[in-house]
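Chemist: got a sequence here, can you build the structure:
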Amino acid sequence: MVEVVTVGEFVGRELPRVPSLVGDGLIESGGRFMMYGPPGHYKSFLAEQLCFALAAGVDWLVYPVRRPCRVLYLQFEITPARFQERSQHMMKEYPTAESRLFVRPTIEPMTLDGPTTAALIETMVERGIEVLVLDPLTEIFEGTENSDRDVRRMTRFLGQIQSATGAAIGLVHHARKSLVYPTGAVDIGQGEARGHTHLIGWPDTTIRVKRKGRGVELTWEKVRHADNPGPISLHFDRGRMILVVSPGAAPDTAVQEVLSTGPVDSKTFSRRLGEKLEWGEHRVREYRREMLERGIIEEVRDATGRRLVRLAQSQS
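Modeler: Sure, this is the predicted structure:
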């Protein structure tokens with residue numbers, strides 16, 4: 001028999017709230033997230049930096065980390081010597097992560113199958129791991145990314161890990177080749193992530209990382225349990241070997257700055273926002289519409305009928 005209860009009984013039950021790890025629901029305890037992008041676009045740097053920030057309990061870029069976590073970061077791409085060098089630099093930025101971030105000192109292959117899953121669960125339980133990040137997915141995946149059966153088999157193993165440990169799981173993944181037409185490359189959003197649609201639908205949160213000019217753009221393509229905070233522009237600090245937020249690149253902050261002295265006319269608002277974020281007209285227009293929907297800004301008319309943009313009364 002399948003257990004069922006009335007909806008009245010269900011909503012009256014005392015269930016534990018799901019705590020957030022990053023932001024207000026961007027990445028949650030026991031949740032699932034994926035970071036993807038083309039090769040060489042700094043996604044592994046960002047993934048490891050996220051692991052350091054989670055372990056240290058300090059902000060990741062502009063996003064607040066709610067508490068320190070015990071994190072296991074398994075990477076399978078770069079040699080131990082290069083990985084050590086990168087980690088040494090990041091340790092200087094996040095020194096309190098030292099005892100809460102765990103890594104694998106070798107680059108030996110590891111396939112996510114039954115025995116490996118059992119061994120991983122044993123290690124995670126012993127170490128009290130709360131977040132597991134696998135980088136990249138292709139190095140632990142057995143089968144074909146475009147096979148529904150193979151992808152579901154892998155996500156079942158991931159589900160077993162989560163059930164046994166309660167940990168959040170993050171995957172670092174590659175993007176497929178861009179679709180290019182005579183008019184240029186087409187942005188197909190989450191469809192750029194390689195693999196079967198089941199894999200694309202698996203995470204609660206999907207983050208795209210992509211070079212843009214001399215910088216890097218981070219976009220939250222899917223956020224199941226929170227408002228989408230919008231994209232930010234980053235650049236790689238080679239001396240520190242970390243990604244940092246470009247000046248004026250946090251969109252919500254830029255909006256606050258543009259409107260800090262009071263309402264401005266509609267065209268001036270769009271122009272100034274575009275200049276601060278180095279965005280084109282279409283992107284500014286889309287983001288402006290999002291800000292209106294989220295209640296960050298509002299449009300009003302002055303005595304002459306001129307349209308003005310101002311911070312919403314709840315924001316000012």
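Chemist: let me see the contact set for the spatially closest residue to residue 280 that is not a sequence neighbour.
Modeler: In space, and not counting its chain neighbours, residue 280 is closest to residue 274: 7.0 Å by Cβ to Cβ, 6 or more residues apart in numbering. The way it works is simple: take the backbone N, C-alpha and C, and place the C-beta from them, glycine included. Each residue near residue 274 by Cβ atoms under 8 Å, 6 or more residues apart in numbering is listed here: 280, 281, 283, 284.
Chemist: ok, 7 Å please
Modeler: Neighbouring residues of residue 274 by Cβ atoms under 7 Å, 6 or more residues apart in numbering: 280, 281, 284.
Chemist: and the residues you listed, which is closest to residue 12?
Modeler: Ranked by distance to residue 12 (Cβ to Cβ), the contacts of residue 274 are led by residue 284 at 46.6 Å.
Chemist: quick one: that closest one and residue 273 touch, right?
Modeler: Yes - the pair residue 284 / residue 273 is scored as a contact, 5.5 Å apart, by Cβ atoms under 7 Å.
Chemist: for residue 24, give me the pLDDT.
Modeler: For residue 24, the pLDDT comes out at 87.
Chemist: now it, what's its secondary structure?
Modeler: coil (DSSP: H, G, I helix; E, B strand; the rest coil).
Chemist: for it, which non-adjacent residue is closest in space?
Modeler: residue 226 (5.4 Å).
Chemist: hmm, residue 23 and the one you found touching each other?
Modeler: Yes - assessed by Cβ under 7 Å, residue 226 is found in contact with residue 23 at 6.3 Å.
Chemist: neighbour count for those two, which is higher?
Modeler: Comparing residue 226 with residue 23 by other Cβ atoms under 10 Å, the one with more neighbours is residue 23, at 22 against 17.
Chemist: identify the residue nearest the more buried one in space, chain neighbours excluded?
Modeler: residue 63 (4.9 Å).
Chemist: okay, now the domains of the protein?
Modeler: 20-246, 252-311 (automatic domain parsing).
Chemist: how far off centre is the first one?
Modeler: Just to be clear, that refers to domain 20-246. 8 Å (Cα atoms, centre = their mean, to the nearest Å).
Chemist: that older thread, how about the domains of the chain, which one is nearest residue 4?
Modeler: domain 20-246 (21.7 Å).
Chemist: start and end of that closest one, how far apart?
Modeler: 26 Å (Cα to Cα, to the nearest Å).
Chemist: next one: stretch 132-139
Modeler: 15 Å.
Chemist: what do you get for stretch 92-102?
Modeler: Across its full length, stretch 92-102 reaches 16 Å between end residues, using Cα to Cα.
Chemist: list the buried residues of that stretch.
Modeler: 93, 94, 97, 100, 101, 102 (16 or more other Cβ atoms under 10 Å).
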